[in-house]
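1. Show me how the following folds:
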Amino acid sequence: MKCESTRSGAGINEATVPEAILKGLAPDGGLYVWDKFPVMHDLAGLLEKDNISITVNIAAVLLPGFSKEEIGFAVGNGYSGRFSVPELTPVVKVGPAWALELFHGPSLAFKDMALCVLPRLVHAAKKQMGDDSDTLVLVATSGDTGKAALEGFCGIPGCAVLVFFPYNGVSPLQELQMRTQPGANAVCAVRGNFDDTQRGVKQIFNAYSSGELSFGGVKLSSANSINIGRLVPQIAYYFTSYASLIKNGTLKRGDKLDFIIPTGNFGNILSGWIAKQMGLPVGRLVCASNENDVLTEFINTGKYDHRRDFKTTASPSMDIIMSSNLERLLYWLSGRDSGATAGFMEALARNGYYNIPDYMLESVKSDFYAVKCDDASAFKHIRRVWEKYGYLLDPHTAVAWNAYEEYAAKSENPCVVLATASPFKFAGSVLKALGITPPDGTFNCLDMLSRVTRIPVPHPFDELRSMRIRHEDTISIGEMSSYAQRFAGEING
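-> Prediction:
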């Protein structure tokens, strides 16, 4: 197995997996993809293992170029002592459905699953290649990736993190998590939305690859889901959730399982699709969108059109209308046709939209189903699920629950709803959904939600009370490159 770019295909811009993880983005602006999917032939044996062992086994086949020892360390050391529950990602019964809880890590969001592992892979790749240069990890975040990357890379030698996030585009608690982060990193708000921020980071990478931008010997890497290493741990938890439902008697081996996924940048749901290609008996992958419903339209019609108003919602991590990881799916569904994929991306840049051919749309519809949800519907589900089942949803998971309610009648398979963040991360919105006027102040909201639900405030959020703001910068989109260069200069000393 090797990695190739979605925009140049086999034989051009190829990289080993360690090289692809270090580079983040391909030199032609495309995303690295595997040239084939390994099939897990001994699925029965794999599903009998514990969650850590399943993750190590999945990583071993998707990360050729890394030794078993390197992978075992990346997973074991990455997760050890960082999660509040021993199984890492428990599957919990909620009424007729199951919730896959992905928020028990250090930042209390699903991005921890990948970003506790990726930094150790970056370090191992640098060590393999004898690269002792400093690495600047650039991150654009819609709320969760930033803190998870800052936590994940903490203590990794030779790596510093620069996080850009949209000004007023994340929850107050998400912003506080990033602004208070200790260590030799940088966090900066950008006047724009997440798509602007993500586009700015990609432009920095492209200018760096072409030699237009210099960082004085500091090399760039990415912790966003454009980095292929981000996908591997996410692929693994589709397998671990299936294994959990076999062990509790809900599934027999070979039964199909449907997944309902709150979706913005398409990386999480794409990971489920890859798990299916690797032999996991996945039925449908339900794409749950908030009011930024570009993916719902794409899955239903084959047209990807970002010529729409960007909407700020109660589920900010999904406030995205430029879904980067969709490019990988286009490449694979077109039969690894890099010319076609590059053409779609050029049309998107030039015209603001593209249409896929009918044969690709048929493939999309066979694997995916899509549902849109506004804030009012999400809030309704938060309140109803709490009152009926005693289970508290965050706004993103509520968007997925809305999709589950619509989809469940159309399927005979058990359904797993991916619970992607702690509800306390969005305490003000959750209080509103429960019919309670939230008080002023982030910590007052946390305390009130705890009193109302009798659920303790999660420890990582409690700790923020005594932490000071360390990162106060706010810049324009046009200043992102120069800001990154200045920070690289500080790393260089």
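2. So which residues of the stretch 301-450 of the chain form strands?
-> Shown for the stretch 301-450 of the chain, the strands assigned by DSSP state E, counting those that start in this stretch span residues 303-305, 353-355, 368-372, 415-419.
3. hey, where'd the helices end up in the stretch 251-400 of the chain?
-> 267-277, 294-301, 326-333, 338-351, 358-367, 375-389, 395-407 (DSSP state H, counting those that start in this stretch).
4. Reformat the ones you listed as TSV; add distance to G152, mean neighbour count and mean pLDDT.
-> In short, each C-beta sits where N, CA and C put it, glycine included. Shown next, in TSV, are the helices of the stretch 251-400 of the chain (distance: least, CB to CB, whole Å; neighbours: other CB atoms under 10 Å; pLDDT from 0 to 100):
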stretch	distance to G152	mean neighbour count	mean pLDDT
helix 267-277	16	24	98
helix 294-301	26	21	98
helix 326-333	22	23	98
helix 338-351	29	16	97
helix 358-367	30	14	98
helix 375-389	28	18	98
helix 395-407	20	27	98
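5. Could you point out which of those sits nearest E212?
-> Minimum separation from E212 across the helices of the stretch 251-400 of the chain (CB to CB) falls at helix 338-351, 17.9 Å.
6. The closest one packs against which elements?
-> helix 326-333, strand 353-355 (3 or more CB pairs under 8 Å, 6 or more residues apart in numbering; DSSP states H and E).
7. go with 10 Å
-> strand 3-5, strand 303-305, helix 326-333, strand 353-355 (3 or more CB pairs under 10 Å, 6 or more residues apart in numbering; DSSP states H and E).
8. Next, format the helices of the stretch 251-400 of the chain as JSON lines and append distance to S481.
-> Formatted as JSON lines, the helices of the stretch 251-400 of the chain follow (distance: least, CB to CB, whole Å):
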{"stretch": "helix 267-277", "distance to S481": "25"}
{"stretch": "helix 294-301", "distance to S481": "27"}
{"stretch": "helix 326-333", "distance to S481": "23"}
{"stretch": "helix 338-351", "distance to S481": "19"}
{"stretch": "helix 358-367", "distance to S481": "35"}
{"stretch": "helix 375-389", "distance to S481": "35"}
{"stretch": "helix 395-407", "distance to S481": "31"}
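9. and the helices and strands packed on helix 338-351 as a markdown table, adding distance to W273?
-> Shown next, in a markdown table, are the helices and strands packed on helix 338-351 (distance: least, CB to CB, whole Å):
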| stretch | distance to W273 |
| --- | --- |
| strand 3-5 | 18 |
| strand 303-305 | 17 |
| helix 326-333 | 7 |
| strand 353-355 | 20 |
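10. looking at these, which is closest to Q277?
-> For Q277, the closest of those is helix 326-333, at 8.1 Å, according to CB to CB.
11. report the angle between the axes of the closest one and helix 294-301?
-> 20 degrees (axes from the mean of the first three to the mean of the last three CA atoms, to 10 degrees).
12. Quick one: residues contacting the residue lying closest to L326 once chain neighbours are set aside.
-> Once flanking residues are discounted, L326 sits nearest to F266: 4.7 Å by CB to CB, 6 or more residues apart in numbering. By CB atoms under 10 Å, 6 or more residues apart in numbering, the contact list for F266 reads 225, 273, 287, 295, 298, 320, 323-329.
13. per-residue confidence for the residue lying closest to R307 once chain neighbours are set aside?
-> Of all residues not flanking R307 in the chain, G352 sits nearest, at 4.2 Å (CB to CB, 6+ apart). Note on G352: pLDDT of 97.
14. avg pLDDT for stretch 3-13?
-> In this model, stretch 3-13 has an average pLDDT of 94.
15. do the same with stretch 71-81
-> In the prediction, stretch 71-81 has an average pLDDT of 97.
16. Which residue ranges of the stretch 101-250 of the chain form strands?
-> Going by DSSP E, counting those that start in this stretch, the stretch 101-250 of the chain shows strands at 135-140, 159-166, 186-191, 219-222.
17. Tell me how far the residue lying closest to G30 once chain neighbours are set aside lies from S334.
-> Excluding its sequence neighbours, the residue lying closest to G30 (CB to CB, 6+ apart) is R7, at 3.3 Å. Using CB to CB, to the nearest Å, we find R7 at a distance of 12 Å from S334.
18. what touches both of those two?
-> 341, 343-344.
19. Pull up the per-residue confidence for F103.
-> On the pLDDT scale, F103 gets 98.
20. just G493 next, same as before
-> 68.
21. from the contacts of F266, which is closest to H123?
-> S225 (19.5 Å).
22. and the closest one, how many neighbours?
-> When neighbours are defined as other CB atoms under 10 Å, S225 has 25 of them.
23. Surely it is in contact with N325?
-> Yes: applying CB atoms under 10 Å as the test, S225 and N325 come out as touching, 5.6 Å apart.
24. what is in contact with those two at once?
-> The contact lists of S225 and N325 share 31, 231, 264-268, 270-271, where a contact means CB under 10 Å, 6+ apart.
25. Pipe the residues you listed into CSV and attach distance to D462 per row.
-> Supplementary listing: these in CSV, determined by distance: CB to CB, whole Å:
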residue, distance to D462
L31, 38
L231, 32
G264, 28
N265, 29
F266, 33
G267, 30
N268, 27
L270, 34
S271, 31
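26. For those, work out which two are farthest apart.
-> Maximum distance among those (CB to CB): 16.2 Å, for L31 and G264.
27. So those two - more neighbours on which side?
-> Shown here are L31 and G264; by other CB under 10 Å, G264 has more neighbours (32 against 25).
28. any idea of the pLDDT on the more buried one?
-> At G264, pLDDT is 92.
29. mind listing what S80 touches?
-> 52, 116.
30. Select, out of the helices of the stretch 251-400 of the chain, the one closest to L431.
-> helix 375-389 (9.7 Å).
31. could you say what helices and strands the closest one packs with?
-> In terms of contacts (3+ CB pairs under 10 Å, 6+ apart), helix 375-389 is packed against strand 91-94, strand 97-101, helix 395-407, helix 427-433.
32. Alpha carbons of it, as CSV, please.
-> Provided in CSV are the C-alpha atoms of helix 375-389 (Å, rounded to 0.1, in the frame of the first residue of the first chain):
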residue,chain,number,x,y,z
ASP,A,375,-31.9,24.3,15.7
ALA,A,376,-35.6,24.1,16.8
SER,A,377,-35.7,20.5,15.9
ALA,A,378,-32.4,19.7,17.5
PHE,A,379,-33.6,21.4,20.7
LYS,A,380,-36.8,19.5,20.6
HIS,A,381,-34.9,16.2,20.5
ILE,A,382,-32.6,17.3,23.4
ARG,A,383,-35.6,17.9,25.6
ARG,A,384,-37.6,14.9,24.5
VAL,A,385,-34.7,12.4,24.8
TRP,A,386,-33.8,13.8,28.3
GLU,A,387,-37.4,13.6,29.5
LYS,A,388,-38.1,10.2,28.0
TYR,A,389,-34.9,8.3,28.4
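33. so how far is it off the chain centroid?
-> 24 Å (CA atoms, centre = their mean, to the nearest Å).
34. Next up, the contacts around the residue nearest to N300 when sequence neighbours are not counted.
-> Leaving out its chain neighbours, the residue that sits closest to N300 by CB to CB, 6+ apart is A370, at 5.8 Å. By CB under 10 Å, 6+ apart, A370 lies in contact with 263, 269, 285-289, 293, 295-301, 364, 403, 407.
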